[in-house]
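**Student:** Compute the structure for the input listed below.
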Amino acid sequence: MPRIFDNIEKPLLPALVETLKVAERADFCVGYFNLRGWHHLSDHVDRWAGGDGHCCRLLVGMHVSPSEELRHALRHREEEDQLDNQTALREKRRIAEEFRQQLIFGAPTNADEAALREISAQIRAKKLVVKVYLRHPLHAKLYLLHRQDANNPVTGFLGSSNLTLAGLVRQGELNVDVLEHDACNKLVDWFEDRWGDRWCIDISKELGDIIDESWAGERLVSPYHVYLKMAYHLAQEARAGLSEFRIPSVFGDSLFDFQVAAVKIAAHHLNKRGGVLIGDVVGLGKSMMATALAKVFEDDYHTETLIICPKNLVAMWEDYVHRYRLHAKVLPLSRVITELPEKTRRYRLVLIDESHNLRNKEGRRWKVIREYIERNESLTVLLSATPYNKTYLDLSAQLALFLHEDADIGIRPEKLLAELGGEHEFIRRHQCGVRSLAAFEKSEIPDDWRDLMRLYMVRRTRGFIMQHYTGEDERGKYLLFSDGRKSYFPKRVPKNLSFKIDDANPSDPYARFYSDPVVNAINELTLPRYGLGNYIAPKPKTPPTLLQAKTIEGLSRAGTRLMGFCKTNLFKRLESAGPAFILSIERHILRNFIVLHAIESGLDIPLGTQGAELLDTRHYDEDPDGLLVDDDGEEDATDPTATNGLRTEAAYRLRAEKAYEAYSGPLKNRFKWLPGTSFIKALANDLYTDAQSLLQLLATCGEWRADADTKLAALIELINQHHPKEKLLVFTQFADTARYLKAQLVARGIQQVEEATGQSVDPTGLAWRFSPVSNAKRDLVRKPDELRVLIATDVLSEGQNLQDSHIIVNYDLPWAIIRLIQRAGRVDRIGQQSDTILCYSFVPADGVERLIQLRARVRQRLIQNAEVVGSDESFFDDDTDEELIRDLYTEKNGILDDDGDSEVDLASYAYQIWKNATDADPSLVAQIETMPDVVYATKGHAHNPASPQGVLVYMRTTQGNDALAWIDESGKPVTQSQLTILKAAACAADTPALPRQEQHHALTQQGLAHIVEEEKSFGGALGRPSGARFKIFERLKRFREGLGNKRDLFITDDYVRRIDRVMEEIYRYPLYQSATDSLNRQLKAGIGDHQLLDLVFSVREDGRLCVIDDQDLRREPKLICSMGLAGLNQGQTP
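**Tutor:** Residues are numbered from 1 along each chain as shown. The predicted structure follows:
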């Protein structure tokens, strides 16, 4: 009787192996052949000599999918398939590709690698010959083993087992052995007939080549090629844009290659996701790129563009619209509230320049623009060189203009989820979808934001462009214009301008103003107008109206924050120039007396805006006490609070009364109003105390004497003696300082001087007069009208071309060094002809320690008074690194260079790696694109605790997302930052390939497991805590945790595994509506845990619990490649 092998009670494999041990050749016919399953038999085949009569002949019969086979069987026409040579060749290639695909699934192991190499070696030695049968599908599973034995020359095994691991060992099968001579001979004849068939094609060579070219091949793969494969896949978004879009002909050769790349990548983001942020640093031509992007969509999709920009950039944008024949309307940001809701028709593309001005989602401008974009379903292009300050909420506010906060954006803040312990904990804490912009707003982890911004932002730095897009000659690196001109990247050179402070001289204005009494007086101010929320009466005589209550609530939210900001601003004005500081003090006194007048007269109190942004000198250069500003930041310079040198209390009170009349009359709508009874009496007391203190401070300081201003004298000397014929761009943070400097320079006889501030009527015209060549306005600006010295605030400098000059003067030193870098970028732009940018900064002659100590005292006092809290401490982007200021003082090279590659968007960074490599060696394109997945290489690595040896793993998850992991030698994850890992993989083309480390595949598997486990942990979206899915999962989770290790007659291991499986399904997949309704009813009825579990089991068994797509079940994570990091021996270099 034949033996039966079912792989349950009796497995086939041991019997097959025992028979192979005594056989001299074998003939196998199977439906499917799993290459990795060969290792069970390879050792026994390997001892044969090879060649005819001494090898294993393997016939593979199934070459069509079950669905294709079914369609073939049910087709209407019954006719013989006609095979020809071309069809057979095509089928051979297709089947070879299917074998190739086998090798790119799953994780490699040492055993699999050895087995695959053995297959290749046995094919080359003709110990294994593989054919595919093409005449028709062949389902037969037959194993014939031949030996020199007169009684039993052939042993056969016939049944259902394929030559796969599952077929030989695991799954239920049914096979029998065939020992009877006649039966064996008939089986041999049957096999020979098919083996010799014309359409039985030898695929052995192709199979050997596939293995040799795969990750299992014997040759060492170049680490450089694996590095490029990583870059190739990470640059997919960039490559897609570059191939999908074309630059309109109207631009001719006016765009550089790096600008063309940015436009095309941005076009891909915009087309795919509805919005993009172009965030290149200052001076790289973002306006031109955005114009080209708008024109691309106009040509391809017939869009028209609405351009929203600061009012000082309107003329520039109108010039671009005219020059490039763009169908567009230019709207100043200051008019969006009045124009957008009713007066502006639909534009399908909205372009917002300097979009960082829209970081406040509570502002009216932000809301109006957001509503317009949503109502018109407009595509949105954002432009900003400084898209965020020190909080990522700046970024999210800009993205939220076109991206709904709750929309599913396809990715999650993975680092935050890992930190919290998974998605479930995130949902418990935060009421928002995990794949939403709102979820990212909860994260302060840079890697999360890099992941988000790679989908929406294109950003390159000056250093990045210099490294990747320039030529180089003896003068340095340059960009080449279409007419052959070269635009060099100049060197930024920090220079100091010292001014003397003589503490022993009572007439020295700086000595008086920097004295301890002045500093102490400012530190002691209460500043009640900036903290009105602290003075709200708990039980006012007359209850507030609804509108008043809302105003009071806003005051309470402001708390003491604005007090700290105001003090900081006073000190900044003190550092800038004496007149700016004096004017600010005078205005502050007058505003205090205006409020005192209202309180003492029983009148309503006028409230200016409580927005801290007015104290931010990056965006407002006027003194907030000298402006009337509405709730959305609309400025009006005609405030009737000009002080005209008031010095006595009586004079201030008289002027305050007249100012109040104007406030309560024609200017009434500029303010919110509250009755004086809304506040406690301490408000009046503190207002008066501060006013008296400031009056005393003015008396101490005295009048400012410009003729004794050593800082001003140093500036005049620089203009007249050091650079008498060159253009100088003088920067200050404050409009008051700019006006003072212009007046004094003109008074000293310096000609062709102008000031440009946020209040300038035509700032673009001033930029053209100062820099006519770079603005292509040489023919419009007459020589007598040209400017040699332009005094500008930081607010004006946004977006203007000022590079006819190469000399910058920082009249005041911002508390954030990054501001100096940005100022340098205003003249270090494309088209700059000078080799150097001279960046002068004023510092006291006795060194920067005086400034450092002053700033330290201010900070310490603010913290002591709790006037700065949390992230507010960095509201002005202040630098706490004193070394940066000292480096500036010592004129250290490189201190004014821009950010490094960490600020470049990942798609651009990866694409540039790919482009540079393929430009240098075009043959790499085909090599890398055809490189199989799962491939690995090993390179030398100079390791340290922060950068250990191990393996870099790159995979594509079941959700289709790219995921990278760095696993150390102990199997622990180091990081999953894509940029960090890509940099760790970086190597040169001549980097030697090292042998694989023994634990490479094991570490790769751990990296895959880590990524998969994280995705599994974060994979589902349980929805709202009030929903049935969330509640069911919570109940089951608590029940499962309560079981612990308890096992008994009813709670078995199988029972616990069933609970785990059902929990995983609920976590990963949505519930059917019928299941939701049924479970909700039972939850409301108070069902117990055991009964609930029984119900869930029952619904699941009926297939009515979760909506599970078969594709989701079949989808597997895919290993792209891996890079081993091996330690270097002494003397080696990576």
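**Student:** ok, residue 998 - how many residues close by?
**Tutor:** 8 (other Cβ atoms under 10 Å). Quick note: C-beta positions are derived from backbone N, CA and C, even for glycine.
**Student:** Quick check: chain neighbours aside, which residue is closest to it?
**Tutor:** residue 110 (7.6 Å; Cβ to Cβ, 6 or more residues apart in numbering).
**Student:** With residue 123 as the reference, measure out to that neighbour.
**Tutor:** 21 Å (Cβ to Cβ, to the nearest Å).
**Student:** of those two, who's got more company?
**Tutor:** Between residue 110 and residue 123, counted using other Cβ under 10 Å, the more crowded position is residue 123 (23 against 13).
**Student:** Now the more buried one. Nearest residue, chain neighbours left out?
**Tutor:** residue 208 (4.1 Å).
**Student:** List of residues touching the host helix or strand of that neighbour?
**Tutor:** According to DSSP states H and E, residue 208 maps onto helix 204-213. The contact list for helix 204-213 (Cβ atoms under 8 Å, 6 or more residues apart in numbering) reads 35, 92, 96, 99-100, 103, 116-117, 119-120, 123-124, 128-131, 217-219, 932.
**Student:** Could you give me the ChimeraX syntax to select whichever of these are buried?
**Tutor:** The ChimeraX command for the buried members of the contacts of helix 204-213 (criterion: 16 or more other Cβ atoms under 10 Å) is given here:
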select :35,92,96,99,100,103,116,117,119,120,123,128,129,130,131,217,932
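**Student:** Sitting in helices, which of the contacts of helix 204-213 do you find?
**Tutor:** 92, 96, 99, 100, 116, 117, 119, 120, 123, 124 (DSSP state H).
**Student:** How much space separates the fourth one from residue 33?
**Tutor:** Distance of residue 100 to residue 33, computed by Cβ to Cβ: 13 Å.
**Student:** Common neighbours of these two, please.
**Tutor:** Counting by Cβ under 8 Å, 6+ apart, nothing touches both residue 100 and residue 33.
**Student:** what's near enough to touch residue 163?
**Tutor:** Contacts of residue 163 by Cβ under 8 Å, 6+ apart are 28, 30, 32, 33, 34, 37, 38, 58.
**Student:** ok, these vs residue 911, which is closest?
**Tutor:** Distance to residue 911, by Cβ to Cβ, is smallest for residue 34 among the contacts of residue 163, at 37.6 Å.
**Student:** my read: that closest one touches residue 102, true?
**Tutor:** Yes - with contact defined as Cβ atoms under 8 Å, residue 34 counts as touching residue 102 (6.8 Å).
**Student:** Just list the residues touching the residue nearest to residue 998, thanks.
**Tutor:** So residue 110 contacts 998, 1001, 1002 (Cβ under 8 Å, 6+ apart).
**Student:** Test my guess that the second one contacts residue 114.
**Tutor:** It stands for residue 1001. No - taking Cβ under 8 Å as the definition, residue 1001 is not a contact partner of residue 114, at 10.7 Å.
**Student:** quick one, which of these two is more surrounded?
**Tutor:** residue 1001 (22 against 12).
**Student:** mind checking how far the more buried one is from residue 216?
**Tutor:** Residue 1001 is 11 Å from residue 216, by Cβ to Cβ.
**Student:** Please enumerate the shared neighbours of the two.
**Tutor:** 108, 113.
**Student:** secondary structure class for residue 145?
**Tutor:** Taken by DSSP: H, G, I helix; E, B strand; the rest coil, the conformation at residue 145 corresponds to strand.
**Student:** export the ones in helices among the contacts of helix 204-213 to JSON lines and tack on distance to residue 156?
**Tutor:** Formatted as JSON lines, those follow (distance: Cβ to Cβ, whole Å):
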{"residue": "92", "distance to residue 156": "28"}
{"residue": "96", "distance to residue 156": "29"}
{"residue": "99", "distance to residue 156": "26"}
{"residue": "100", "distance to residue 156": "32"}
{"residue": "116", "distance to residue 156": "28"}
{"residue": "117", "distance to residue 156": "30"}
{"residue": "119", "distance to residue 156": "24"}
{"residue": "120", "distance to residue 156": "28"}
{"residue": "123", "distance to residue 156": "24"}
{"residue": "124", "distance to residue 156": "29"}
